[in-house]
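K.L.:
one predicted model, sequence on top.
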Amino acid sequence: MSQDLIDLTLSEAQLSAVDNALLELETQLSGLIAMSVQQRRKLMRMGDKSESFCRQTLSVLAQNPQVVPPSLPLAGAQADLATLDALRPRLQRLQRLAERAVDSETALGSDVMRCALDGYALLKVAGRNQGLEGLRKEIGTRFAKGPRASEGAEDAA
């Protein structure tokens, strides 16, 4: 059964423009960091409820500087919050674009796989009389079955 989930062709000019745009994004966002899984696990998270708390606390502290000791990095936290507010809408756009790109990659691969499977089925039937049996067997190694795990476990016992 034929399938055509996506019809996408990217010209060399489009690919070059995308590469240039990505390079510009990487350049402009060079201050972004990458953390290890362990680093992420150790961090205190600011969820939705915590965000409201943080905003209110920073606001109250800014309005009452007499209670803020010099050791508390209030200005840095305010700058971080402003950057977070500026970054979020862009991050949402990037995430939507990335999701569409991943879905498109999946659809393209699925279209290719469906056509290849349909073509392979044709080779199995019509290829016998066309001298294509050897080639069909060669490409059919994708479907070769190895020993099952349960058989290997029984042999080892």
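P.N.:
Happy to help now that I have it.

K.L.:
burial count for residue 77?
P.N.:
Counted by other CB atoms under 10 Å, the residues lying close to residue 77 total 15. Where you see a C-beta, it was placed from the backbone N, CA and C, and this is true even at glycine.

K.L.:
my bad, should have said residue 146
P.N.:
Around residue 146 there are 7 residues (other CB under 10 Å).

K.L.:
check it and give its pLDDT.
P.N.:
pLDDT recorded at residue 146 is 70.

K.L.:
residue farthest from the centroid of the protein?
P.N.:
residue 66 (46.5 Å; CA atoms, centre = their mean).

K.L.:
just the pLDDT for that residue.
P.N.:
Reported pLDDT for residue 66: 97.

K.L.:
could you look up the SS state of it?
P.N.:
Classification of residue 66 using DSSP: H, G, I helix; E, B strand; the rest coil returns helix.

K.L.:
any weak-confidence spans in this protein?
P.N.:
1, 127, 148-157 (pLDDT under 70).

K.L.:
and the gap between residue 54 and residue 91?
P.N.:
18 Å (CB to CB, to the nearest Å).

K.L.:
now do residue 65
P.N.:
Residue 65 is 32 Å from residue 91, where distance means CB to CB.

K.L.:
neighbour count winner among the two?
P.N.:
Each of residue 65 and residue 91 has its neighbours counted (other CB under 10 Å); residue 91 has more, 12 against 8.

K.L.:
name the helix or strand for the more buried one, please.
P.N.:
Assessed by DSSP states H and E, residue 91 sits inside helix 74-126.

K.L.:
cool, and residue 40?
P.N.:
Per DSSP H and E: helix 37-42 holds residue 40.
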